[in-house]
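**Student:** got a predicted model here, sequence first, then my questions.
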Amino acid sequence: VQRNLLEDKAGQRKRIAFLFPHAQFLIPTGNLASLSRGPASRLVRLISWAQNPFIKRVNMAFCLIVEQLSEINERLVRNAHVSSIEVPLPGARERKKFIEISTGDQQAQRLGDMSLDGMTQLSSGLNLSNLNFALSRTAADGQSIDIVRFRQMKKDMIERQCQGLVSFVEPGHKLDTVVGHTAAKKRLEQDGRWISEGRLDAAPMGYLICGPVGTGKSFMAECYAGSIGIPCVVLRNFRSKYVGETEGNLEQVLTVLRSLGPVVVIVDEADAALGDRGMEGDSGTSGRVFSMIASQMGNTRYRGRIVWMLLTSRPDMLPIDIKRQGRAEVHIPLFYPQETGEIQEMFRVMARKNGIQLGENAIPDVPAERNLSGADIESIVMNARRRVMSDGRDTVERADLEYAFKTFIPSAQGLEKELQELVAVLECTDREFLPEDWREKVDAPNGRSQMQRRLHVLREMIDTLI
């Protein structure tokens, strides 16, 4: 660099580009106090090069290559003489062209029953290196691509690409498996049909599914993804103890989600996972994470392409910025089975889910007043199976379920469950989602005000007990 700058003859000055791959190891992120002597001196050198007017005059460029911008020291990234260029994952047009070149004259034979457009859509979320690897590994010599194996390889590669921060869910059920919640299922089925038809402008940006513990929030979200027929991922814990790594992890995940669309993103225990812009004690990490997620959820360019499903039993602890209209727009409350028929159907579904054979008239009459959750009913069914297995039988009979029901002791956390049910009602955005008894309470004069007062009392009682 110095020799080129000191060259007297202007015609012999070279136009040079210097490439620094894996630049995060040269000048890693961190405050000045945490930088060791080597990274600190390299940071000073790179900033001086960026600001040097003589270097600019002879057209010398310094290109730092990194997977995540957050891994580079922000003093360099935010410098006025430095430009950040994002190279996005390949879109549909780039993937289609790459598949055309890769398959060549044998396109029809290599793709088999899958069309070029179908393979292009199926490969969403992959970079070109991974796509090339998947195409070559899923097709034997002279044979067409094994679609089932291609899907599995794509799933594995994207999970590795996201460093295990997301996991793919392959739903085995659809919304018709869900017991009760008729209005909620109707709304989800309608939205799913519009997304499948490409009418993305009618789709909500996201859903907030709330309700007491054990009401099947996760199951409802997975059944929705199974009905709509698009990829479904669960956002896992992306937080790290190292400075800057949490934001980098989240940015990596969001980049993949943008290229995967349409995709359903399930965030379980959302009140704890998403944080709040006002959280303190972590050097502002929670605030930055909250800002990144809120910004992505509110980006209308991805309406119908990234469908957020926030699951929580305490929606009142979610900041209003996340659950407002334009982000998690549709708030769906779930409740325990309200009628005897629903409870009996829940027994059948739980038995079918766990591969348990029920005898004729095996389901006992369980009053709705017992306020059993789906998880409670599943536990009763599993206990009945244990009794059957210990007797060397295969079929669960009525006496087995009656005995399991008689011996079952439900959770004693009644106040917490009442609070969770109450906040779910107050969060609801469509009265059609509510059972009849709750509709009457909401429509009563000062109904919501009375609920708010009861909620305040419950909080004080629970805090006193704790």
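**Tutor:** Sure, I can see it.

**Student:** pLDDT at Tyr302, what is it?
**Tutor:** Among the per-residue scores, Tyr302 holds a pLDDT of 86.

**Student:** and for Leu415?
**Tutor:** 81.

**Student:** next: Leu111.
**Tutor:** 80.

**Student:** in this structure it contacts Met119, no?
**Tutor:** Yes. Between Leu111 and Met119 there is a contact under C-beta atoms under 8 Å: 5.8 Å. All C-beta atoms are positioned from the backbone trio N, CA, C, and that covers glycine.

**Student:** touching both of those two, which residues are there?
**Tutor:** Ile145 (C-beta atoms under 8 Å, 6 or more residues apart in numbering).

**Student:** more crowded one of those two?
**Tutor:** Met119 (22 against 19; other C-beta atoms under 10 Å).

**Student:** off-centre distance for the helix or strand where Val457 lies?
**Tutor:** Secondary structure assignment for Val457, by DSSP states H and E: helix 447-465. Here helix 447-465 is found 32 Å from its chain centre; the criterion is C-alpha atoms, centre = their mean, to the nearest Å.

**Student:** list the contacts for the spatially most central residue of the chain?
**Tutor:** Centroid check for the chain by C-alpha atoms, centre = their mean gives Val265 as the closest residue, at 3.0 Å. By C-beta under 8 Å, 6+ apart, Val265 lies in contact with 233, 235, 257, 306-309.

**Student:** and it, helix, strand or coil?
**Tutor:** strand (DSSP: H, G, I helix; E, B strand; the rest coil).

**Student:** measure it to Phe347 for me?
**Tutor:** Per C-beta to C-beta, to the nearest Å, Val265 is found 32 Å from Phe347.

**Student:** check Ala375 too.
**Tutor:** From Ala375 to Phe347 the distance is 13 Å (C-beta to C-beta).

**Student:** just give me the neighbour total for Asn73.
**Tutor:** 25.

**Student:** next one: Cys162
**Tutor:** For Cys162, using other C-beta under 10 Å, the count is 22.

**Student:** wait, it touches Leu254, no?
**Tutor:** No. Here Cys162 lies out of contact with Leu254, judged by C-beta under 8 Å, at a distance of 9.9 Å.

**Student:** isn't there a strand covering Pro212?
**Tutor:** No. Assessed with three-state DSSP, Pro212 is coil; it does not lie in a strand.

**Student:** can you tell me how far it is from Ala375?
**Tutor:** Applying C-beta to C-beta to Pro212 and Ala375 gives a distance of 10 Å.

**Student:** more neighbours: which of those two?
**Tutor:** Using other C-beta under 10 Å as the criterion, Pro212 and Ala375 rank with Pro212 on top: 24 against 16.

**Student:** from what I see, the more buried one and Phe335 are in contact.
**Tutor:** Yes. Between Pro212 and Phe335 there is a contact at 7.5 Å, judged by C-beta under 8 Å.

**Student:** circling back to that earlier point, which other residues reach the helix holding Val457?
**Tutor:** Against helix 447-465 from outside (C-beta under 8 Å, 6+ apart): 316, 415-416, 418-419, 422-423, 425-426, 441-442, 444.

**Student:** picking that back up, touching both of Pro212 and Phe335, which residues are there?
**Tutor:** 421, 424.

**Student:** and which of the contacts of Val265 is nearest Arg95?
**Tutor:** Using C-beta to C-beta, Leu257 comes nearest to Arg95 of the contacts of Val265, at 16.4 Å.

**Student:** residues contacting the closest one?
**Tutor:** So, once contact is read as C-beta under 8 Å, 6+ apart, Leu257 ends up touching 166, 233, 263, 265, 296, 306.

**Student:** just to revisit the earlier point, and the helix holding Val457, average pLDDT?
**Tutor:** Mean pLDDT, helix 447-465: 86.

**Student:** buried set for that helix?
**Tutor:** Buried residues in helix 447-465, counted by 16 or more other C-beta atoms under 10 Å: 451, 455, 458.
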